[in-house]
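>>> kindly return the folded structure for what I paste below:
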Amino acid sequence: MDASRANADETQLARARLSYERRDWADARLAYSRVGNRAAMSAEDVDRESRCAWWLGDTPASIATGEELVHRLEDAGRNREAAMVSLRLGLQWALRGDLAIHAGWYAKARRLLAALPVGPEHGYLRYVTAMLVTDDTGMPEDAEAAASVLRGMERTFGSRALGAFALVLSAQAKILRGDGDAGFDLLDEAMLPVVTGEVDPFWGGDIYCTVIHLTGQIGDFGRMRAWTDALDAWSSELSQTFSYAGIVRVHRLELLVAEGRWDEAAAELGPASNSIADTDTWVAGHGFAELGHVLRLRGRRDEAAEAYARARRAGVDPEPGPALLAAAEGRRSEAVDAVRAAIASRPPVQRLALLLPAVELALDAGQHDAARGFAAALAADADRLGAAGAQAWAWHARALLELHAARPDAAADAARAAADLYRSQHLQYGLARAHEVLGRAETALDRRQDAAADVAIALAIFRRLGATSDVARLQAAAGARGVGPLTPREAQVLALVLGGASNRATADALFLSEATVRRHLANIFTKVGVSSRTAAAAWAREQGIEPVRVDAPHGPSAR
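The predicted model follows:
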């Protein structure tokens, strides 16, 4: 190479290194890209180039440069460093949802370290292995054993990062064993070296996300908010463009769904999830699943199904959403089978959010023994984990079972407990459903004034959320009575027809199939002696039936 070209490369390298130290990731990356002879770049330069791409949110480029770095280090006999970069690549591939490649990089790290004396790198490998096993089984034993080893390695090697890993694993074990307060105290301690920069941001951000997802799974939404705020504060000081900035937004939108701010969530969940699809496919998948839930509850079934399909393509199982869609179309047994299979495939913590829908689906399908089994599992898990959200789900399930068993006093007590817990966690949709159940229990107890008040609360929340099917169902149920020769269900159908609902909208509102609605209409025509919807509506007005209107679906498309 001529001297001028070599000098130009040195100039670009000097610029890149200086920009990197200043955290000007874009300029550093640009300077590295202008180096004509990559052999002039040291391994440290290649590492910085990979990190620049990561800070800028370009995970595919970060991975490609990281893979080049591993080969350089391995060729130079620097196997410890090569193993550490392999572990980092494994984490990046795991976040992108490619578990086969991620496992391959962890296997490479294990091979590189196998012949070397134990060092801090072995601790990182022990940490990721324990986390994988614990996530897969939901059992605390591997986490506890690895934490003990990592505490010893922290003392031996003076590594604050290994100490943080030990605390995370100990905390996870305590939470899984039901000692949530002690577990979260340990997590707070684990974050001290993260916020002071003693843990590589690649690993520090993953700790934040691990905790946020765990709190969401167990229904501890207060802590989920606090940790999302903490991740936001930490990440915003480091970079506005790297993956964790987008991840924070998806987590915030998930919380907005829980809090009832569905308009904002429905508008942004799709784009926000798309923005991190190449970086953290797993979080993106959860974002699409959450979008599907909002669209389903707003009666936009086709769009909900597409959002659930996108979640599946991202490697995330969106149940119970698809099962609830199937039930709304009258496929009740199929829905129970789907949610039962999902429950069986998940460890206890990950199945929590499935169990209340499973109880509801099983009761609706007439599978009462299955409903009791799901409720018992939910109560046991909620008692063990102690999180307010999980306890709300358990009380809600108990209220449904008590109501079905014709014990309205017990149902009312359980529904009140659920409502109090939902309120404490700012869970609006759950709060509305609890008041709906409480209204049903109070109606059975002939407390008509109390029942009307609770139904009004539920209806107001459903309307504010835009939960159109719930609004129509509750309006119809509130006025459900037989009229003349009509059954209460036929009167509900006719009230919706009188309000201008199509067969599809009527089916959506009452959780029936369109075929069932057509059958009800045929029976109505026969009973009242008419041959058209217009004539049936006229008869309904003469009988004093109040029309029930279903609001038109609104909001932006998921596509």
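
>>> after the helix or strand bottoming out on mean pLDDT in the chain, next one along is what?
Least confident helix or strand of the chain, by mean pLDDT, DSSP states H and E, is helix 468-478 with a mean of 75. Next helix or strand after helix 468-478 toward the C-terminus (DSSP states H and E): helix 488-498.

>>> just how off-centre is whichever helix or strand comes after that next one within its chain?
Following helix 488-498 in sequence order, the next helix or strand is helix 503-510 (DSSP H and E). Centre-to-centre, helix 503-510 and its host chain are 28 Å apart (Cα atoms, centre = their mean, to the nearest Å).

>>> I'd like to know which elements helix 503-510 is packed against.
Helix 503-510 sits against helix 468-478, helix 488-498, helix 514-528, with contacts defined as 3 or more Cβ pairs under 8 Å, 6 or more residues apart in numbering; DSSP states H and E. In short, each C-beta sits where N, CA and C put it, glycine included.

>>> I'd like to know which elements the first one is packed against.
This points to helix 468-478. helix 428-444, helix 448-465, helix 488-498, helix 503-510.

>>> all strands for this protein, in order.
For the chain, strands defined by DSSP state E do not occur.

>>> what's the burial count for A245?
Applying other Cβ atoms under 10 Å, we find 18 residues neighbouring A245.

>>> in space, what's closest to it - neighbours in sequence excluded?
Once flanking residues are discounted, A245 sits nearest to S235: 5.6 Å by Cβ to Cβ, 6 or more residues apart in numbering.

>>> now do the same contact list for the one you found.
205, 242, 244-245, 248 (Cβ atoms under 8 Å, 6 or more residues apart in numbering).

>>> out of the helices and strands packed on helix 503-510, which gets the lowest mean score?
Per-stretch mean pLDDT for those is lowest at helix 468-478 (a mean of 75).

>>> next, the buried residues of stretch 181-191.
The neighbour-count criterion (16 or more other Cβ atoms under 10 Å) identifies 183-184, 186-187, 190-191 as the buried residues of stretch 181-191.

>>> right, I mislabeled it, should have said stretch 127-142
Those would be 127-128, 130-132, 134-135, 140, 142, for stretch 127-142 by 16+ other Cβ under 10 Å.

>>> just the closest of those residues to K108, please.
V128 (12.7 Å; Cβ to Cβ).

>>> surely that closest one is in contact with L87?
Yes. Between V128 and L87 a contact is recorded at 6.4 Å, counting by Cβ atoms under 8 Å.

>>> common neighbours of the two, please.
Y106.

>>> need the per-residue pLDDT for the closest residue to G466 other than its chain neighbours.
Leaving aside its chain neighbours, G466 sits nearest to R298 (5.2 Å; criterion: Cβ to Cβ, 6+ apart). pLDDT, R298: 90.

>>> kindly report the same for A480.
Taking A480 on its own, its pLDDT is 54.

>>> cool, A40 as well?
A40 is given a pLDDT of 90.

>>> count of residues packed around it?
15.

>>> quick check: it vs V455, distance?
Noted for A40: a distance of 75 Å to V455, by Cβ to Cβ, to the nearest Å.

>>> R96 - nearest residue in space that isn't next to it in sequence?
T281 (4.9 Å).

>>> ok, now R448?
In space, R448 is closest to E442, 7.8 Å off (Cβ to Cβ, 6+ apart).

>>> hang on, the one you found packs against I457?
No. Contact criterion Cβ under 8 Å: E442 and I457 do not qualify, at 11.9 Å.

>>> of these two, which one has the most company?
Shown here are E442 and I457; by other Cβ under 10 Å, E442 has more neighbours (22 against 18).

>>> quick one: contacts for the more buried one?
Shown in contact with E442 (Cβ under 8 Å, 6+ apart): 408, 412, 448, 450-451, 454.

>>> drop anything exposed from the residues you listed.
For those, buried by 16+ other Cβ under 10 Å: 408, 412, 450-451, 454.

>>> and the least confident of those?
Lowest pLDDT among the buried ones among the contacts of E442: A451, with 85.

>>> with adjacent residues omitted, what lies nearest to that one?
In space, A451 is closest to E442, 3.8 Å off (Cβ to Cβ, 6+ apart).

>>> from A458, how far off is the one you found?
According to Cβ to Cβ, E442 stands 12 Å off from A458.

>>> again, but for A379
24 Å.

>>> between these two, point out the one with more neighbours.
Using other Cβ under 10 Å as the criterion, A379 and A458 rank with A458 on top: 25 against 18.

>>> so what's the more buried one up against?
For A458, the contacting residues are 432-433, 435-436, 439, 470, 474, by Cβ under 8 Å, 6+ apart.

>>> quick check: pLDDT value at it.
So A458 comes in at 90 (pLDDT).

>>> which segments of this structure make up each domain?
Domain assignment of the chain by automatic domain parsing yields the ranges 1-117, 319-366, 386-463, 467-559.

>>> for those domains, could you give me JSON lines that also reports distance to G123?
As requested, those are exported to JSON lines (distance: least, Cβ to Cβ, whole Å):
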{"stretch": "domain 1-117", "distance to G123": "10"}
{"stretch": "domain 319-366", "distance to G123": "25"}
{"stretch": "domain 386-463", "distance to G123": "30"}
{"stretch": "domain 467-559", "distance to G123": "43"}
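
>>> hey, least reliable of those by pLDDT?
Looking at the domains of the chain, the weakest mean confidence is domain 467-559, a mean of 75.

>>> quick revisit: quick one, which of the contacts of S235 has the minimum pLDDT?
The member of these with the lowest pLDDT is F242, at 82.

>>> contacting residues for M131?
Applying Cβ under 8 Å, 6+ apart, we find M131 in contact with 143, 169, 210.

>>> got a winner among those residues for most neighbours?
In the contacts of M131, the most neighbours by other Cβ under 10 Å go to L169, 28 neighbours.

>>> against V471, how distant is that one?
From L169 to V471 the distance is 46 Å (Cβ to Cβ).

>>> neighbours around A114, how many?
10.

>>> ok, now the one 4 residues further on?
The burial metric for V118, expressed as a neighbour count using other Cβ under 10 Å, is 13.

>>> got phi/psi on it?
phi -60, psi 130 (degrees, to the nearest 10).

>>> distance check, it against L295.
52 Å.

>>> over to L89?
Counting by Cβ to Cβ - L89 and L295 are separated by 36 Å.

>>> ok, those two, which is more surrounded?
Ranked by neighbour count (other Cβ under 10 Å), L89 and L295 place L295 first, with 28 against 25.

>>> quick one, what contacts that one?
266, 301, 303-304, 307, 558.

>>> leaving out chain neighbours, which residue sits closest to it?
Leaving out its chain neighbours, L295 is closest to A304 (Cβ to Cβ, 6+ apart), at 3.9 Å.

>>> what's the answer for E154, then?
G163 (3.9 Å).

>>> show the model's pLDDT score for that neighbour.
96.

>>> i'd like the first residue to be 500 from this point on
Sure, I'll start numbering at 500, so the last one becomes G662.

>>> and for it, the neighbour number?
Other residues near G662 come to 23 when the count uses other Cβ under 10 Å.

>>> wait, isn't it in contact with A646?
No. Taking Cβ under 8 Å as the definition, G662 is not a contact partner of A646, at 10.1 Å.

>>> which residue lies nearest the spatial centre of this protein?
What sits nearest the mean C-alpha location of the chain, by Cα atoms, centre = their mean, is H785, with 4.5 Å.
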